[in-house]
Structure formats: structure tokens, C-alpha cells
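>>> Following is a predicted model, sequence given first.
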Amino acid sequence: MTEELLTPPTPTMFRFPDEATGMDAIKAAGFAVMDEDGIVRLITASHTHALDVVGRISRGGEWDEDGNEITHPEVLEGWHVNYRGEVPDGWLQYAVWPKQPVRVFA
């Protein structure tokens, strides 16, 4: 009888310390290009990957009917990205497996 080895799931969610670090990683992976106006545009999908920038995540908070904040929401640590495809170099250190993801791929 042979023992079946379990392969850990491929990470699909990443939490970078901040937006600058996340954008640097996205650019280094080749998922951003500069357009003719000098604006950086993300390549969010191709035949090899899908990229969903979530950004900062907040939970809770309360507002009145005029939109005035009553209770400040909790802002979670980091800058978040969902990604499908071969994990780019340097991204594994930022992989997270939240118990209750805020946003997932369908």
C-alpha cells in the first residue's frame, strides 16, 4: 500500500504590506503596462492568469441616512490581491488563506 501525499492548495489570495509593495510585485510579474498617456494599466486576465486587486479591506462601520459616519469601520492590515495562475516569483511570502474571504473568484 502506498501513502498518498496531499499537495497543499495553490495560493490564490495575497496580502502585501502596502499598495506600493503590491504594485511593485504586480509590475515585476509583468501584469502591468504603461499606456500611450503614461498611465499604468493592469493586465487583469490572459490565457495564463486572472488578477483581481482588492486593495484595502474594511469591515463593519455604520452610517446614517445622509452618509455621515457613526461608527468607523475596522480597516484590515495590508493590501490584498486575488490571483489565479502560476504563482509569480516572490509572491509566496505574501500568500494568505483567510477563513472568511471578503472576495473570491466565482
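Thanks, I have the structure now.
>>> And the pLDDT for the residue positioned nearest the centre of the chain?
Geometric centre of the chain, nearest residue: Val81, 0.6 Å, by Cα atoms, centre = their mean. According to the prediction, Val81 has pLDDT 97.
>>> Go ahead and measure how far the helix or strand hosting it is from the middle of the chain.
In this structure, Val81 sits in strand 79-85 according to DSSP states H and E. When distances are taken as Cα atoms, centre = their mean, to the nearest Å, strand 79-85 is centred 3 Å away from the chain's centroid.
>>> by contact count, what packs against it?
For strand 79-85, the contact count by 3 or more Cβ pairs under 8 Å, 6 or more residues apart in numbering; DSSP states H and E identifies strand 13-16, helix 19-28, strand 49-55 as packing neighbours. For glycine as for every other residue, the C-beta is placed from the backbone atoms N, C-alpha and C.
>>> Can you tell me how far Glu36 is from Gly55?
26 Å (Cβ to Cβ, to the nearest Å).
>>> Tell me how far the nearest residue to Glu86 once chain neighbours are set aside lies from Arg15.
Nearest residue to Glu86, sequence neighbours excluded (Cβ to Cβ, 6 or more residues apart in numbering): Thr48, at 7.1 Å. Computed as Cβ to Cβ, the Thr48 to Arg15 distance reads 23 Å.
>>> Name the residue in the two with the higher neighbour count.
Arg15 (17 against 8; other Cβ atoms under 10 Å).
>>> What values do phi and psi take at the closest residue in space to that one that isn't next to it in sequence?
Nearest non-adjacent residue to Arg15, counting by Cβ to Cβ, 6+ apart: Gly78, 3.9 Å away. Backbone torsions for Gly78, taken as degrees, to the nearest 10, come to phi 90, psi -180.
>>> contact partners of the one helix or strand in the chain whose mean pLDDT sits lowest?
In the chain, the helix or strand scored least confidently by mean pLDDT, DSSP states H and E is strand 58-59, which has a mean of 92. Here strand 58-59 makes contact (Cβ atoms under 8 Å, 6 or more residues apart in numbering) with Pro73, Glu74, Val75, Leu76, Val102.
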